[in-house]
Each structure stands twice: as C-alpha cells, then as structure tokens.
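In: build me a structure from this.
(one chain, ligands or ions: 2)
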Amino acid sequence: MKQFSPLWSLLPGAALIAGCGNPSKKEATDHTRQKPNVIYLIADDLGIGDLSCYGATKISTPNIDRLAGQGVQFTNAYATSSTSTPSRFGLLTGMYPWRQENTGIAPGNSELIIDTACVTMADMFKAEGYATGAVGKWHLGLGPKGGTDFNHLIKPNTQDIGFDYEYIIPATVDRVPCVFVENGHVVGLDPNDPITVNYNHKVGDWPTGLENPEFVKLKPSQGHNNTIVNGIPRIGWMTGGKSALWVDEDIADVITGKAKDFIIKHKDEPFFMYMGTQDVHVPRVPHARFAGKSGMGTRGDVILQLDWTVGEIMNTLDSLNLADNTIFVFCSDNGPVIDDGYQDQALELLNGHTPMKQYRGGKYSAYEAGTRIPFIVRWPAGIQPCKQQALFSMIDVYASLAALLNHPLTPATVAPDSRDQLATFLGKDNTGCDYIVQQNLNNTLSIIQGTWKYIEPSDKPAIEHWTKMELGNDPKPQLYNISIDPSEKDNVAAAHPEMVKELSALLEQVKAG
Ligand code: NG6
Ligand code: CA
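Out: Ligands and ions are numbered 1, 2, ... in the order given. The predicted model follows:
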C-alpha cells in the first residue's frame with residue numbers, strides 16, 4: 001500500500017473524533033495515516049421513511065441499518081433539489097444547480113451538463129492521487145450539445161470531468177436508450193445495428209406503449225408510453241442497439257458487480273467511487289431473488305434489492321480489509337414518490353408504510369419530503385457512531401471532503417456554494433450550518449435557518465401535473481416553524497413578517513452569490 005505523509009494524520013478530520021460532540025475514547029490507528037477511500041452511494045427516490053433505521057416498521061433494511069449503526073446517521077440532512085439531475089449536479093460541482101440553465105431533469109440524449117472546465121469533486125480526488133470511478137445511474141448527460149451519438153466514442157463523458165472509469169446508466173431507467181455506457185462506449189453494441197434516440201418524435205418501427213399497449217407488461221399510469229423495451233414502455237423513442245439493451249431484472253446485479261470490481265481493482269490505492277443505484281426509481285423491476293419478498297409490491301422489493309447492494313459493497317470492503325478506512329456515504333437524491341408513472345400498485349400495497357414519514361410533499365416538492373433524505377456517513381477509523389441532528393445539505397459535501405484532504409478550493413469559482421461542514425459531516429459537532437437552500441421542480445427556492453423555513457412566492461402550479469404532488473408553489477410567501485410544525489401545516493408568514501423579511505433577504509443574498 002502507498003504510504004502518505006504523516007501530515008495526513010494531523011489533518012483536521014483525520015484524528016479520531018467524538019460522536020456528535022462527545023469525547024472519543026478510541027486511540028488513533030495507523031489507518032488514519034493513509035488517505036481514506038470514499039464511496040458515495042446515492043439511491044434514487046428513496047424516502048427518509050423507507051428504511052428501518054429511520055423508523056420504518058413494515059420493511060426491514062438490515063444492511064443499511066448496520067451501516068447507520070456504525071456511522072453518523074443524520075436526521076436533518078437535505079438534498080439540494082427535489083429531483084435527480086439538479087441534486088447530483090450540486091453534489092459533484094458544489095454549485096447550486098439553479099445558477100445554470102440546463103440542470104432540470106435531463107432526457108436520455110442530453111449533453112453533458114457539467115462544463116468540462118468545471119473542477120468537480122472527482123477532479124479534486126484525482127488531484128489528490130485517488131483512483132476515481134462513476135458507476136450506475138448518471139443522469140447528468142453525455143456528449144456534446146445537440147444530442148448524444150451513442151454509436152461512437154461519446155465525448156465528453158465522465159472521464160472529462162474527473163472520473164478515470166465509468167460504467168453508467170446514461171439517464172434514468174425509464175428513459176431511452178436502455179443501455180450501459182462504459183468509458184464512452186455503449187456496452188455490447190453491434191456496429192451493424194446502430195442506436196437512434198429521439199425525444200421529440202418516434203424513430204424506427206419498434207412498438208410504443210401508445211400504439212401497441214398489448215405488448216406492455218408494466219402499464220403506465222402517467223406518460224411513459226413511448227418505445228417499449230423489455231415489455232416496459234419508456235420516455236423517449238429509440239431503435240437499434242438490440243444486443244446492448246439491458247435486462248431490467250439484472251441492473252442491480254450488473255452495477256453492483258461493476259462497483260465491486262472497481263473496489264477490488266483499486267484496493268491498494270486510495271479510491272473515490274461515486275455510485276448511483278437505479279433503485280428505487282420507476283420502473284421498479286426487482287430481480288427474482290427479491291420479487292414478492294417485501295409484501296409491499298415492487299416498490300418494497302426494490303428497497304430490499306437496494307439494501308442487498310449496500311450489503312454487497314460492505315462485504316467487499318470487509319473481505320479486503322478496507323472497511324475501517326473507507327468513508328462510506330449513503331443517501332438519496334431526492335424525496336420519495338409513490339406512483340411515479342407505472343401501474344405497479346405501490347399505493348395499494350403500502351400497507352401503512354410511510355416513505356415520507358410525517359413530512360409534507362415528496363419528490364418534486366418544496367415541502368420537506370421533497371429534499372429531506374436519509375444520510376449516513378460511516379468511517380470506522382475516523383468516526384464515532386452517533387445520531388446527528390444538525391442541519392446539513394448535500395451541497396456542502398464537496399467542501400467538507402476538501403477540508404478533510406486539506407485540498408484548497410481555489411479559485412473561488414471552484415465549488416462556489418459548498419461550505420466546509422466537515423465537523424458536522426463527521427459527527428464531531430452538532431451545531432450544523434447556519435442555513436440551507438433547496439429547490440423544487442420549478443426552481444422555487446426555500447431556505448431553512450434554525451427552526452424556520454421560508455418558501456419564496458411562486459406563480460408556478462401548486463400541483464405537479466402527473467403525480468398530483470403538492471409542489472409547494474404559492475404566490476404568497478410561506479413560513480413554517482419546522483421544529484414545532486415539521487409537517488408544514490401552518491403557514492405563519494402573516495404572523496411573523498420580520499422573519500419573512502429576514503429570510504427572504506438572506507435568500508436573495510445567496511442568489512446574488
Ligand atoms: C418525470 C417522470 C418520472 C421520472 C422523473 C425523473 C413522467 C410522467 N414522469 O418527468 O417518471 O422519470 O421525470 O425522476 O414522465 S428523477 O428522479 O430522475 O428526477
Ligand atoms: Ca431521483
């Protein structure tokens with residue numbers, strides 16, 4: 001193994017630290033002399049109420065519970081945004097996605113939306129001598145403006161923004177093309193059967209959900225009526241690339257296998273692996289090992305599948321003796337949604353399960369369940385297990401990890417919105433950050449400071465068209481005291497004009513940069 005400067009053990013985060021403020025009894029070990037590996041595993045649409053370690057009683061997630069029990073388990077952590085693309089953009093760039101135009105939910109043929117000139121979190125790790133990899137759901141676009149060409153080397157790809165290796169699902173599992181991309185190439189593509197993708201009109205002659213509903217094995221409830229792949233109608237049209245099409249039941253196995261391979265390959269050097277699971281996004285298609293096992297329909301089954309994935313990664317680390325000095329972050333990209341477009345009986349089979357817990361809204365929403373996420377940080381060599389109640393936002397992961405590595409974030413354009421919250425991230429301090437800013441589907445912003453949450457006025461629709469989710473948009477300012485009213489039932493803006501003024505001014509200041 002590579003040896004790093006002993007200075008490493010003196011870095012701010014390297015010393016063993018107390019669990020959420022309590023003095024540590026552990027002694028420093030040699031592990032802390034080597035840079036820790038970092039695994040950032042981001043689940044899709046998983047709710048804070050979906051895990052037994054967060055209080056779910058109708059489903060059991062033993063592996064994620066074990067991870068939480070060995071790490072810092074956050075109870076007030078937030079994603080930057082209530083949908084996938086902007087949330088991931090904020091994490092990897094350290095810049096609020098709403099500062100850039102094209103950061104809404106990306107189609108499957110979107111250009112790479114992170115500028116190759118941007119110094120990403122992966123670039124930082126690379127500069128620090130880490131092997132870097134992106135595995136699984138990507139959803140930040142690939143290739144140049146004007147539509148991705150999937151038949152040649154796709155450039156730019158994640159390798160142009162700091163990743164040495166990629167094995168990715170370009171967008172979402174409900175969007176075409178239904179293929180994996182490895183280092184810029186569609187995996188298993190037959191050059192004689194090129195892929196054509198379009199998001200405006202039908203291409204080729206493959207059946208669509210709209211024209212051939214008789215071929216559909218999972219019926220849409222909203223949208224999702226374009227090209228049928230594996231019996232599932234998707235968003236967008238595609239044709240060609242038959243030999244490259246993924247098998248939905250096997251996606252978790254494939255990406256978990258690739259993630260394990262990456263860890264094994266880089267076991268002797270520090271590595272950063274960004275892993276996005278397709279679970280629990282629609283279409284929810286569990287492998288036969290998990291089908292019917294939750295008693296809650298496929299939404300529950302893919303939660304079990306996700307838990308299995310986490311267990312596989314943990315076991316791999318254990319078997320290589322890497323668990324101790326690996327920072328393993330587990331979280332979701334946005335809040336949960338029950339029916340997100342397929343008739344999978346998620347609602348009918350909930351059986352009292354509460355993905356949103358007591359929080360209002362869900363995916364797409366400015367209300368709490370839109371961005372409140374499960375968030376766990378395990379690092380046995382550097383962290384004392386604890387529950388962390390401090391306010392924390394995913395936008396601050398980048399600068400916090402930079403602080404851990406003593407890596408300067410200069411010039412100021414690098415990760416401009418990310419703040420060093422390392423002490424909170426590691427459970428050393430429970431003060432948390434002064435304020436956090438979130439974004440809903442329509443870019444309506446809200447800000448939380450202390451116990452107060454302010455949602456800026458918006459003329460956008462109150463309800464999301466397809467899911468009927470409350471978006472939290474209201475032409476009037478909204479103010480909630482989330483410590484006494486976590487379900488945001490009582491808008492107290494009229495009673496506290498001074499607080500509305502203060503928080504709206506702070507939000508304007510953040511917007512101004
Ligand atoms: C919506 C899709 C939804 C999901 C979402 C993106 C319809 C009706 N709904 O437009 O199913 O794909 O986009 O989800 O098409 S995310 O988690 O990747 O942001
Ligand atoms: Ca998502």
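In: enumerate the residues of the stretch 51-200 of the chain near ligand 1.
Out: Taking Cβ under 6 Å from any ligand atom as the contact definition, the stretch 51-200 of the chain meets ligand 1 at 83-84, 105, 139, 172, 174. The way it works is simple: take the backbone N, C-alpha and C, and place the C-beta from them, glycine included.
In: restrict these to contacts with ligand 2.
Out: Contacts with ligand 2 within these, as defined by Cβ under 5 Å from the ion: residue 84.
In: the residue of the stretch 401-513 of the chain at minimum distance from ligand 2: what secondary structure?
Out: Proximity of the stretch 401-513 of the chain to ligand 2 (Cβ to the ion) peaks at residue 441, 11.4 Å away. Under DSSP: H, G, I helix; E, B strand; the rest coil, residue 441 falls in the coil class.
In: again, but for residue 377
Out: strand.
In: how near is residue 428 to residue 434?
Out: Distance of residue 428 to residue 434, given as Cβ to Cβ, to the nearest Å: 17 Å.
In: now swap in residue 394 and tell me
Out: 16 Å.
In: out of the two, which sits in the busier spot?
Out: Just comparing residue 394 and residue 434: by other Cβ atoms under 10 Å the higher neighbour count belongs to residue 394, 27 against 11.
In: how much space separates the more buried one from residue 326?
Out: In terms of Cβ to Cβ, residue 394 sits 19 Å off from residue 326.
In: which residues touch the most centrally placed residue in the chain?
Out: By Cα atoms, centre = their mean, the chain has its centre lying nearest to residue 333, at 2.9 Å. By Cβ atoms under 8 Å, 6 or more residues apart in numbering, residue 333 lies in contact with 42-45, 79, 83-84, 87-88, 276, 373.
In: can you do 10 Å?
Out: Residue 333 makes contacts with 42-46, 79-88, 91, 137, 139, 276-277, 281, 363, 371, 373, 394, as judged by Cβ atoms under 10 Å, 6 or more residues apart in numbering.
In: take those residues and keep only those in helices.
Out: Among the contacts of residue 333, the ones falling in helices (DSSP state H) are 84-88, 91, 371.
In: nearest to residue 202 among these?
Out: Residue 202 lies nearest to residue 85 out of these, by Cβ to Cβ, at 24.4 Å.
In: isn't the closest one up against residue 92?
Out: No: checked against Cβ atoms under 10 Å, the pair residue 85 and residue 92 is beyond contact range at 11.1 Å.
In: packing partners for the longest helix belonging to the chain?
Out: In the chain, ranked by residue count with DSSP H as the criterion, the top helix is helix 297-319. Where contact means 3 or more Cβ pairs under 10 Å, 6 or more residues apart in numbering; DSSP states H and E, helix 297-319 is packed against strand 37-43, helix 62-69, helix 251-265, strand 271-276, strand 326-332, strand 372-378.
In: so does it get close to ligand 2?
Out: No: judged by Cβ under 5 Å from the ion, helix 297-319 and ligand 2 are separated, with a smallest distance of 12.7 Å.
In: just give the nearest non-adjacent residue to residue 429, would you?
Out: Among residues not flanking residue 429 along the chain, residue 423 sits closest, at 3.7 Å (Cβ to Cβ, 6 or more residues apart in numbering).
In: residue 37 now?
Out: The nearest residue in space to residue 37 (Cβ to Cβ, 6+ apart) is residue 326, at 4.2 Å.
In: how about the one you found, what does it touch?
Out: Residues near residue 326 by Cβ under 10 Å, 6+ apart: 31, 36-39, 263, 270-271, 273, 313-314, 317, 320, 378-381.
In: state the mean pLDDT of stretch 171-191.
Out: For stretch 171-191, mean pLDDT is 98.
In: report the buried residues of it.
Out: Neighbour-count burial for stretch 171-191 flags 171-181, 183-187, 189 (criterion: 16 or more other Cβ atoms under 10 Å).
In: mind listing which of those residues are in strands?
Out: Among the buried residues of stretch 171-191, the subset assigned to strands under DSSP state E consists of 181, 185-186.
In: tabulate these (a markdown table), appending distance to residue 241.
Out: Output for those, formatted as a markdown table (distance: Cβ to Cβ, whole Å):
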| residue | distance to residue 241 |
| --- | --- |
| 181 | 11 |
| 185 | 12 |
| 186 | 6 |
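In: ok, back up a step: by neighbours, which of the ones in helices among the contacts of residue 333 wins?
Out: residue 371 leads these on contacts (other Cβ under 10 Å) with 32 neighbours.
In: pLDDT value on whichever residue of the chain sits closest to ligand 2, please?
Out: When distances are taken as Cβ to the ion, the chain reaches nearest to ligand 2 at residue 84, 3.6 Å away. Here, the pLDDT recorded for residue 84 equals 98.
In: list the residues that contact it.
Out: By Cβ under 10 Å, 6+ apart, the contact set of residue 84 is 42, 44-45, 105-106, 137-140, 171-172, 276, 281, 332-334, 363.
In: quick one: the strands in the stretch 401-513 of the chain?
Out: 435-439, 445-449, 452-455, 478-481 (DSSP state E, counting those that start in this stretch).
In: pull the distance from the last one to the chain's centre.
Out: Just to be clear, that refers to strand 478-481. The chain centroid and the centroid of strand 478-481 are separated by 26 Å under Cα atoms, centre = their mean, to the nearest Å.
In: go on, stretch 101-120?
Out: Using Cα atoms, centre = their mean, the mean C-alpha position of stretch 101-120 is found 15 Å from that of the whole chain.
In: buried ones in that stretch?
Out: Using 16+ other Cβ under 10 Å as the test for burial, stretch 101-120 gives 103-114, 118-120.
In: please identify the residues of the stretch 351-500 of the chain in proximity to ligand 2?
Out: Residues of the stretch 351-500 of the chain that fall close to ligand 2, judged by Cβ under 5 Å from the ion: none.
In: can you tell me the residue of the stretch 351-500 of the chain closest to ligand 1?
Out: residue 466 (4.0 Å; Cβ to the nearest ligand atom).
In: and for the closest residue to that residue other than its chain neighbours, the neighbour number?
Out: Closest residue to residue 466 apart from its sequence neighbours, by Cβ to Cβ, 6+ apart: residue 222 at 3.8 Å. The number of residues packed near residue 222 is 16, by other Cβ under 10 Å.
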